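[1] next come a sequence and a model predicted from it.
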There are 2 protein chains.
Amino acid sequence: MKGNDNVARQMPDRNGVSELHHDAMTGDGRIDFEIIEGFFFAYRDFISDPDAILEKSGFGRAHHRVVHFVNREPGMTVADLLDTLKITKQSLARVLKQLIDSGYIQQVAGPEDRRQRKLYPTRAGRELALALAEPQSRRIARAFEAMSADERQVVIQFLTGMQNAKSE
Amino acid sequence: MKGNDNVARQMPDRNGVSELHHDAMTGDGRIDFEIIEGFFFAYRDFISDPDAILEKSGFGRAHHRVVHFVNREPGMTVADLLDTLKITKQSLARVLKQLIDSGYIQQVAGPEDRRQRKLYPTRAGRELALALAEPQSRRIARAFEAMSADERQVVIQFLTGMQNAKSE
DNA sequence: AAGATATGTCAGCTTTGTTGACATATTTTT
DNA sequence: AAAAATATGTCAACAAAGCTGACATATCTT
């Protein structure tokens, strides 16, 4: 360690360390830290599931999202996808091109509006999307194991309530 | 558009387009797409809340996580933090250094083991962490609005069940 | 014919993660 | 006391995936 500076020492008073908080942040009960942290850990573990599979194809999480939504709504246009993912077209272009070049997605010129590029999964694209969804769905099933149908509905209500209003 | 290649045309047969899936992926009911997608949209919107605040300080989401957990458990060591966040120390070092240099976090040499660096939030660090948690907690409160205490407990159960087992 | 729209592409930048290697202070083990 | 292990820091290089700005092309609309 070169710069042993800015490492405060014991004595709380002579060096401004008295400004420090030694007590855990509670928010006086007004902040729901349990959910904030639970959501963080849950989502992190949730998206880690597909990573091993993606690595085999040399893809990342951005590819995952694209291949997922194209499979969920075949024929969606590039504009649709941008709207769903809320990223820029330059960001999308990179991963979409790789998925097309690798044969997981194909583009078809729109039948009415030929400027559009309608996106469809190939057989390989469908298989990849299913393979990626499977471990995630297993994880959900595990979390749902001891839950009634009503309780599962509560989870859906929660996830919906956490989302921004749709802008249509 | 230069390369007008690899844009398939109408006729489904003469060009391999017959391989495409035109039907939405259902997973034959074995995949819980509703939760998969709800979780994705909910988490994305959830972490977008603090972004505006972070921008003012010139910080990003990585800083958010660090300042959050240091506030939640003052006196935690660098190793503790690495274990919580599951990132490499080089990744952590970058953002931690910025938070220390900006006066949001301070380090104190461990009283027993002086190799350790115990991390404490300053007053500004505490305020920042609270400011970041507030909009997230408001969003949670909104999602919980119509829910009973039991139903809220179901959500906690879900988020816990989605997490990997603790490795201790 | 002119303008708007959908898409693609080039170039460069930022944040945040990664690996590998090595330095220093301190504690533990031999 | 010497050696090894541990906690932390740091340098360098790289990768994924986001961003902005600018500009090109094909097609549709006015």
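    Noted; the coordinates are in hand. Numbers count the residues shown, from 1 in each chain, chains lettered A, B, ... in the order given.
[2] identify the residue nearest the residue nearest the centre of chain A in space, chain neighbours excluded?
    The centroid of chain A falls nearest to A:Ile47 when counting by CA atoms, centre = their mean (6.4 Å). Once flanking residues are discounted, A:Ile47 sits nearest to A:Arg61: 6.5 Å by CB to CB, 6 or more residues apart in numbering or on different chains. C-beta coordinates here come from the backbone N, C-alpha and C atoms, glycine included.
[3] tally of neighbours for that neighbour?
    14 (other CB atoms under 10 Å in any protein chain shown).
[4] now the helices for chain A?
    In chain A, the segments counted as helices under DSSP state H are A:33-48, A:51-57, A:61-72, A:78-85, A:89-101, A:123-144, A:149-161.
[5] if you average pLDDT over each of those helices, which is lowest?
    Per-stretch mean pLDDT for these is lowest at helix A:51-57 (a mean of 91).
[6] if we look at it, which residues are touching it?
    A:Gly60, A:Arg61, A:His63, A:His64, A:Ser102, A:Leu128, A:Ala131, A:Leu132, A:Pro135 (CB atoms under 8 Å, 6 or more residues apart in numbering or on different chains).
[7] same thing but 10 Å
    Helix A:51-57 has contacts (CB atoms under 10 Å, 6 or more residues apart in numbering or on different chains) with A:59-64, A:67, A:98-99, A:102, A:104, A:124, A:128, A:131-132, A:134-135.
[8] follow-up on the earlier one: as CSV, the helices of chain A with distance to DNA strand C would be great.
    Shown next, in CSV, are these (distance: least, CB to the nearest atom of the strand, whole Å):
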stretch, distance to DNA strand C
helix A:33-48, 9
helix A:51-57, 11
helix A:61-72, 11
helix A:78-85, 3
helix A:89-101, 4
helix A:123-144, 16
helix A:149-161, 23
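[9] what's the end-to-end length of stretch A:67-86?
    15 Å (CA to CA, to the nearest Å).
[10] pull out the buried positions in it.
    Buried residues in stretch A:67-86, defined by neighbour count with 16 or more other CB atoms under 10 Å in any protein chain shown: A:67-72, A:74-78, A:80-81, A:84-85.
[11] of the residues you listed, closest to B:Asn164?
    A:His68 (21.7 Å; CB to CB).
[12] if I look at that closest one, how far off is B:Asp32?
    Applying CB to CB, to the nearest Å, the value for A:His68 to B:Asp32 is 13 Å.
[13] overlap in contacts of the two?
    A:Ala133, A:Gln136.
[14] tell me the predicted confidence for the closest residue to A:Arg117 other than its chain neighbours.
    Distances taken as CB to CB, 6+ apart put A:Gln107 closest to A:Arg117, at 4.3 Å, once the chain neighbours are dropped. We have a pLDDT of 97 for A:Gln107.
[15] and if you look at the one 3 residues further on?
    pLDDT for A:Gly110: 96.
[16] which residues touch it?
    A:Gly110 neighbours (CB under 10 Å, 6+ apart): A:Gly75, A:Thr77, A:Gln116, A:Arg117, A:Lys118.
[17] quick one on the thing from earlier: wait, the residue nearest to the centre of chain A touches A:His68, no?
    No: with contact defined as CB atoms under 10 Å, A:Ile47 does not reach A:His68; the gap is 11.6 Å.
[18] what touches both of these two?
    A:Gln136, B:Phe40.
[19] could you list the buried residues of stretch A:37-55?
    Of the residues in stretch A:37-55, those buried (16+ other CB under 10 Å) are A:Gly38, A:Phe39, A:Phe40, A:Phe41, A:Ala42, A:Tyr43, A:Phe46, A:Ile47, A:Asp49, A:Pro50, A:Leu54.
[20] swap that for stretch A:21-31, sorry
    Quick answer for stretch A:21-31 (16+ other CB under 10 Å): A:His21, A:Met25, A:Ile31.
[21] and these as JSON lines, adding pLDDT?
    Below are these laid out as JSON lines (pLDDT from 0 to 100):
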{"residue": "A:His21", "pLDDT": "97"}
{"residue": "A:Met25", "pLDDT": "97"}
{"residue": "A:Ile31", "pLDDT": "97"}
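[22] which among the residues you listed gets closest to A:Arg139?
    Taking CB to CB as the measure, A:Arg139 sits nearest to A:Ile31 out of those, at 27.3 Å.
[23] contacting residues around the closest one?
    Contacts of A:Ile31 by CB under 10 Å, 6+ apart are A:Met25, B:Ala129, B:Leu130, B:Leu132, B:Ala133, B:Glu134, B:Gln136, B:Ser137, B:Arg138, B:Ile140, B:Ala141.
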